[in-house]
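J.: pasting the sequence and the predicted coordinates here, then a few questions.
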Amino acid sequence: MITLYGFPLSNYYNKVKLSLLEKGVPFVEELARPSQDAALLEKSPTGKIPFIKRSDAEGYLIESQAIVEYIEAIGPKENRLLPEDPWEAAQCRSIMFLIDFSIDSPCRPVLPAALLGQKAVPEQVASAEQSVARGVSGLRRLAKFKPYIAGSELTYADLAAITVMPVASVVLKMITGKDPLEDWPELHSYFALLRQRPHVQRVEAEATQALQAFLAMQKKQ
């Protein structure tokens, strides 16, 4: 049995959770938040989430990309979420990396301003906007929407898109008033397709609930 550590306010936790659900790999969840506490560092050496543990193995596995690759390796072979063809698999990974590092990562420096009420640093906001715009522009060139982002079959790239990309929309809209994904109608139609899936609905509902609880707690402080 796999134990998934983290919590649904994390988009990468949600990516891994959705991957487990869509792949059909049994798992249980255990609450964990990012921390530099010694107890957590014993499990996640950088103090980040998510991470997983196998009940029949020593140690833990960190980093969402490594985790979803492991999920693919151990899950049902008839339910592939990473293409069997090496070239197509690499294309799928390239989309995932672009989403993670060119759309999500640039938003990280302005997260405290969006979620914690800290003052936004204009230079950081401008940098985030510019970097995300470049990332979105690049993804526009890669996305196929046939009907899925990498082609005709559902892949981990889709699970990354639906769990990771909306954070950039929320964060930058909260700070600047503008959604960087707003003028991409094909993307919104694609998201609507993915949101017909029960597992996507479950993960998004739990993420929304966690965000609402977090924001309510911030207001009380």
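T.: Yep, that arrived.
J.: surely V28 meets L20?
T.: No: the criterion here is Cβ atoms under 8 Å, and V28 misses it with L20 at 10.2 Å. Where you see a C-beta, it was placed from the backbone N, CA and C, and this is true even at glycine.
J.: more neighbours, those two?
T.: L20 (22 against 9; other Cβ atoms under 10 Å).
J.: quick one: that one from Y70, how far?
T.: Distance from L20 to Y70, counting by Cβ to Cβ, to the nearest Å: 10 Å.
J.: got it, and A205?
T.: 26 Å.
J.: low-confidence ranges, the protein, go.
T.: When residues are selected by pLDDT under 70, those of the chain lie in 221.
J.: nearest the geometric middle of it, what residue?
T.: The chain has V164 as the residue nearest its centroid, 3.3 Å off, counting by Cα atoms, centre = their mean.
J.: which SS class is that one?
T.: helix (DSSP: H, G, I helix; E, B strand; the rest coil).
J.: ranges for the strands of the chain?
T.: Along the chain, counting by DSSP state E, strands occupy 2-6, 27-31, 51-54, 61-62.
J.: make JSON lines from the ones you listed and add distance to H188 to it.
T.: As requested, those are arranged in JSON lines below (distance: least, Cβ to Cβ, whole Å):
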{"stretch": "strand 2-6", "distance to H188": "27"}
{"stretch": "strand 27-31", "distance to H188": "30"}
{"stretch": "strand 51-54", "distance to H188": "32"}
{"stretch": "strand 61-62", "distance to H188": "33"}
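J.: so which of the ones you listed gets nearest L115?
T.: strand 2-6 (16.7 Å; Cβ to Cβ).
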